[in-house]
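Novice: Provided below for reference: sequence and predicted model.
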Amino acid sequence: MKKFFRRGKGIEFLFLFFALASVFFLAGIVVVLFSSGLLILRTVTLREFILGRYWHPLFYEPPAYGILPIILGSFWVTLGAMCIAIPLGVGAAVYIAEVASPQLKEILKPVIELLGAIPSVVYGFFGVVALAPFIMRLFDLPIGFTALTASILLGLMALPTIVTISEDVISSVPVLYREASYALGATKLETAAKVVFPAAFPGIVTAIILGMGRAIGETMVVMMVAGGSAIIPRSFLQPVRAMTATIGLEMGEAASGSPHMHALFGIGCVLFVLTLLFSIAAERFSIRFRRQVGI
Amino acid sequence: MVDIITSCQLPVASCQSSFISQKEIKISICSLNIWYTDTQAIEDVSLDIEKNKVTAIIGPSGCGKSTLIRAMNRMNDIIPSVKVKGEILLDGENIYGEDIDVVGIRRRIGMVFQRPNPFPKSVFENVAYGLKINGLIKKKEELIEKIEQALKDAALWSEVKDRLGDSALDLSGGQQQRLCIARALAIEPEVILFDEPCSSLDPTATAKIEELIQELKKKYTIVIVTHNMQQAARISDFSAFLLLGKLIEFNRTDKIFTHPEDKRTENYITGRFG
């Protein structure tokens, strides 16, 4: 036994345990999520669940468990957030990496990273007291809690992820490529647009997908400002209900073991699969980027 | 030294070197000084580069060879802390002059780097890049023709003609370096600078590049930095020996390697240091 420890085997097993712990937790979550979530298929078919147009889990007879409006709610809000975060985020990253002076870079990067350190409830609060009334007045709406309101806030929240990763990626494009381009008589702008950006592109896609993952998984803000009506959205100025918000809002009132509870877990499964796909896609692009720049 | 500086200010001028005919001077470096922040990397170097010849810059690591060659197409500009004093005349025009078009200079003076650095694009796109950004082609057929010619001139065509669409990163190191040469040739520069082009290549690939350089000097003026003295002896017409940022000796290569005038040159080429 003494020998066993002296060889460092004991330490090795301890760290193996640490490494496996997160795998166990993940496996546990997946098992619980799917074992409960799949039970909704005893009440409705998969098609009715995913493509059903009506979400009436309570106070309706018979209740309806179609989550299409909720999936679309998440989709719209995420799409809107990306419309804001991608141009702003990538633009800012290009500026910081390629144009800004070192001193300005020193200031800009931490400030943008600080955006990511603000708790989401604070964004939600800001949305409720400032942004929603502004949207309401701007578009002359009866209420300011809309898909647009949530999109703007989620876009801001995804911004640090996109800017930080994109900037790292652009900066890590080897100086060799830039030199090759300059030596062929290219200007700084041509080099940035035709060599640096294409080389960094898969990495930037990774940044965008990770930002999207952040937006689609975000709960607090969409609960507070998206409005929460589970109808298929027709415009960004309508209130919507996202998947995360549905789970967050209704988990408390759903009876344990009821189809409603299973449906909420089912939504969790859909969300899990979506974010898993995002992660896989992000990893794929990240590998492509590393290959391209040779790191 | 004063009279040398004066001679540099004349339109077409040279600084010294009796063995180089005045009419054949392509580049004339005059009293060049280069600093990185506070350290001086190049100290009062004057040197003439003859047209259609191979001029080698030799010397131990850290002697300023790369700094000197990178000064010739203003590649040092990319590094913010660099300060340059002195002149480099390209066909009599100072490339450090006030209204000079740096991008235009780099188009006329191509460069091949120490590590092969093809863009992460296809073989075809790598060669097309310089042609496209400089607006040197009007028709698609012309582009294809020029790319084929550049690849042939770089002795790479037979190896890549069936894989022009493949990523350049899939080529071997030697092929990548010849692709970089093809890329530089495509825009038809007047001078090509080679900054230790073989330092990351195996002997076979090195031999191919050396052979190629011999071929290229018929059309281009060539400057090559190398830490490999045998390489300098094999391929160059003139050699400049640099030590700690100073030009110690500059002469015909056969002279430098058989009858060096300076003791330090002799010590270096006989392998006593470096």
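Specialist: Structure received.
Novice: so what's residue 241 up against?
Specialist: Assuming you mean chain A. A:55, A:69-70, A:73, A:222, A:226-230 (C-beta atoms under 8 Å, 6 or more residues apart in numbering or on different chains). Yep, even glycine has a C-beta here, placed from its N, CA and C like the rest.
Novice: sorry, should have said chain B
Specialist: For residue B:241, the contact set (C-beta under 8 Å, 6+ apart) comprises B:58-59, B:247-250, B:256, B:260, B:262, B:264-265, B:268-269.
Novice: still on that earlier bit, which one of the contacts of residue A:241 has the most neighbours?
Specialist: Taking other C-beta atoms under 10 Å in any protein chain shown as the neighbour criterion, residue A:222 ranks highest of the contacts of residue A:241 with 35 neighbours.
Novice: That one sits in which helix or strand?
Specialist: helix A:220-225 (DSSP states H and E).
Novice: packing partners for that helix?
Specialist: Counting contacts by 3 or more C-beta pairs under 8 Å, 6 or more residues apart in numbering or on different chains; DSSP states H and E, helix A:220-225 is packed against helix A:120-126, helix A:147-171, helix A:243-250.
Novice: For the residue in the stretch 51-200 of chain A positioned nearest to chain B, which non-adjacent residue is closest in space?
Specialist: Proximity of the stretch 51-200 of chain A to chain B (C-beta to the nearest C-beta) peaks at residue A:185, 3.3 Å away. Spatial nearest neighbour of residue A:185, excluding adjacent residues (C-beta to C-beta, 6 or more residues apart in numbering or on different chains): residue B:107 at 3.3 Å.
Novice: quick revisit: drop the exposed ones from the contacts of residue B:241 and show what's left.
Specialist: Neighbour counting by 16 or more other C-beta atoms under 10 Å in any protein chain shown classes B:58-59, B:247-250, B:256, B:260, B:264-265, B:268-269 among the contacts of residue B:241 as buried.
Novice: count of neighbours near the residue nearest to residue B:43 when sequence neighbours are not counted?
Specialist: The spatial neighbour of residue B:43 that comes closest, neighbours along the chain excluded (C-beta to C-beta, 6+ apart), is residue B:245 at 4.5 Å. Residue B:245 has 22 neighbouring residues, counting by other C-beta under 10 Å.
Novice: List the contacts of residue B:245.
Specialist: Contacts of residue B:245 (C-beta under 8 Å, 6+ apart): B:40-43, B:45, B:63-64, B:67.
Novice: Are any of these buried, and if so which?
Specialist: The neighbour count (16+ other C-beta under 10 Å) marks B:41-43, B:45, B:63-64, B:67 as buried among the contacts of residue B:245.
Novice: Select from the residues you listed every entry located in helices.
Specialist: When DSSP state H defines the helices, the subset of the buried ones among the contacts of residue B:245 inside them is residue B:67.
Novice: Now intersect the buried ones among the contacts of residue B:245 with the strands, please.
Specialist: In strands, defined here by DSSP state E, the members of those are B:41-43, B:45.
Novice: Need these in JSON lines (columns: pLDDT).
Specialist: As requested, these are exported to JSON lines (pLDDT from 0 to 100):
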{"residue": "B:41", "pLDDT": "92"}
{"residue": "B:42", "pLDDT": "93"}
{"residue": "B:43", "pLDDT": "92"}
{"residue": "B:45", "pLDDT": "93"}
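Novice: wait, what's in contact with the nearest residue to residue A:115 once chain neighbours are set aside?
Specialist: Nearest non-adjacent residue to residue A:115, counting by C-beta to C-beta, 6+ apart: residue A:160, 4.7 Å away. Residues counted as contacts of residue A:160 (C-beta under 8 Å, 6+ apart) are A:112-116.
Novice: Whichever of those end up buried, select them in ChimeraX.
Specialist: Per 16+ other C-beta under 10 Å, the buried members of the contacts of residue A:160 correspond to this ChimeraX selection:
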select /A:112,115
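Novice: would you turn the contacts of residue A:160 into CSV with pLDDT and secondary structure?
Specialist: Formatted as CSV, the contacts of residue A:160 follow (pLDDT from 0 to 100; DSSP: H, G, I helix; E, B strand; the rest coil):
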residue, pLDDT, secondary structure
A:112, 91, helix
A:113, 89, helix
A:114, 91, helix
A:115, 89, helix
A:116, 87, coil
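Novice: May I see the contacts of residue A:160 organised as TSV, with distance to residue B:139 added?
Specialist: What follows is these, written out as TSV (distance: C-beta to C-beta, whole Å):
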residue	distance to residue B:139
A:112	46
A:113	49
A:114	53
A:115	50
A:116	50
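Novice: Residue B:112: which of the contacts of residue A:160 is nearest?
Specialist: residue A:112 (39.0 Å; C-beta to C-beta).
Novice: Flag every residue of chain B that's near chain A.
Specialist: Within reach of chain A by C-beta under 8 Å from any C-beta of the partner chain, chain B has these residues: B:73, B:75, B:78, B:103-104, B:106-107, B:110-111, B:113, B:115, B:117-121, B:129-130, B:133-134, B:169, B:180, B:183-184, B:187.
Novice: List the contacts of whatever residue of the stretch 101-250 of chain B ends up closest to chain A.
Specialist: Of all residues in the stretch 101-250 of chain B, residue B:107 sits closest to chain A, at 3.3 Å by C-beta to the nearest C-beta. Going by C-beta under 8 Å, 6+ apart, residue B:107 touches A:184-185, B:134, B:187, B:189.
Novice: quick revisit: want to try CSV for the buried ones among the contacts of residue B:245, with distance to residue A:237 as columns?
Specialist: Shown next, in CSV, are the buried ones among the contacts of residue B:245 (distance: C-beta to C-beta, whole Å):
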residue, distance to residue A:237
B:41, 63
B:42, 65
B:43, 70
B:45, 69
B:63, 69
B:64, 66
B:67, 61
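Novice: and the closest residue to residue A:97 other than its chain neighbours, what is it in contact with?
Specialist: What sits nearest to residue A:97 in space, not counting adjacent residues and going by C-beta to C-beta, 6+ apart, is residue A:170, at 3.9 Å. Residue A:170 sits next to A:93-94, A:97-98, A:196-197, A:200, A:203-204 when contact means C-beta under 8 Å, 6+ apart.
Novice: Repeat the analysis, applying 10 Å as the threshold.
Specialist: Contact analysis of residue A:170 by C-beta atoms under 10 Å, 6 or more residues apart in numbering or on different chains lists A:90, A:93-94, A:96-98, A:192, A:196-197, A:199-201, A:203-204, A:207.
Novice: ditto for residue A:102
Specialist: Applying C-beta under 10 Å, 6+ apart, the residues contacting residue A:102 are residue B:80.
Novice: Tell me the confidence at it?
Specialist: pLDDT for residue A:102: 87.
Novice: For residue A:245, see how far away it is.
Specialist: If you measure residue A:102 against residue A:245 using C-beta to C-beta, to the nearest Å, the figure is 42 Å.
Novice: can you check residue A:292 too?
Specialist: Taken as C-beta to C-beta, the span from residue A:292 to residue A:245 is 39 Å.
Novice: For these two, indicate the residue with more neighbours.
Specialist: The residue with more neighbours, out of residue A:292 and residue A:245, is residue A:245; 27 against 22, by other C-beta under 10 Å.
Novice: thinking the more buried one is in contact with residue A:264, fair?
Specialist: No: if you go by C-beta atoms under 10 Å, residue A:245 and residue A:264 don't touch, sitting 11.4 Å apart.
Novice: which SS class is residue A:25?
Specialist: At residue A:25, secondary structure determined by DSSP: H, G, I helix; E, B strand; the rest coil is helix.
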